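Undergrad: Below is the structure, and that's it, no one-letter string:
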């Protein structure tokens, strides 16, 4: 059986206590548990760097479940990445910049919650996001993983997350996304 590392990168605030991210994390576990041994990290609960490094070494797939705060990952998750993604473990020197990643046979997927509506992405250039797609907004996150050698799986997004009336449609879309991009990919499944 292959290994999957699921990282919940939510940081608690009075206005955003992480219930949706926990639900999405639980749904990921439920959907993939027959095909993967699941390791988890809940960043807000604390972590030991050496344990996290070992989880990454074992993982065939890494999933990040997190909200987007101010067009990026929560600060607590960014600090986790800064602490764990260390030289000579995640990346080394290379002749060409960005090509020294040491996790080349591993995949990663972002499962993201946005406060923004889906309609703000891929829009007119004269709008707030200047026509950017969600993947373009997440460019620094994707490049961080690519720098370490990971291969990207398509991002899953929940939009207008602070205004959801029901989570069921998002959970159903997540199930389909995981079926299509993780479980149907036979290269992961042992």
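TA: Received it, and whenever you're ready, just let me know what you need. Being a predicted model, the structure only gives us computed values, none of them experimental.
Undergrad: Flag every buried residue along the helix or strand of the chain with the lowest mean pLDDT.
TA: In the chain, the helix or strand scored least confidently by mean pLDDT, DSSP states H and E is helix 134-137, which has a mean of 88. Neighbour counts using 16 or more other CB atoms under 10 Å place 134-135, 137 of helix 134-137 among the buried residues. No exception for glycine: its C-beta is placed from N, CA and C like everyone else's.
Undergrad: Ok, stretch 21-40 next?
TA: Neighbour-count burial for stretch 21-40 flags 21, 23-25, 27-28, 31-32, 35-36, 38-40 (criterion: 16+ other CB under 10 Å).
Undergrad: Also stretch 145-152?
TA: 145, 147-150.
Undergrad: First residue to last residue on it, what's the distance there?
TA: Terminal residues of stretch 145-152 are spaced 8 Å apart (CA to CA, to the nearest Å).
Undergrad: which residues are in contact with it?
TA: Stretch 145-152 is contacted by residues 62, 85, 90-91, 98, 100-104, 106-109, 142 when judged by CB atoms under 8 Å, 6 or more residues apart in numbering.
Undergrad: again, only this time at 6 Å
TA: If you take CB atoms under 6 Å, 6 or more residues apart in numbering as the criterion, stretch 145-152 is touched by 90-91, 98, 101-104, 106-108, 142.
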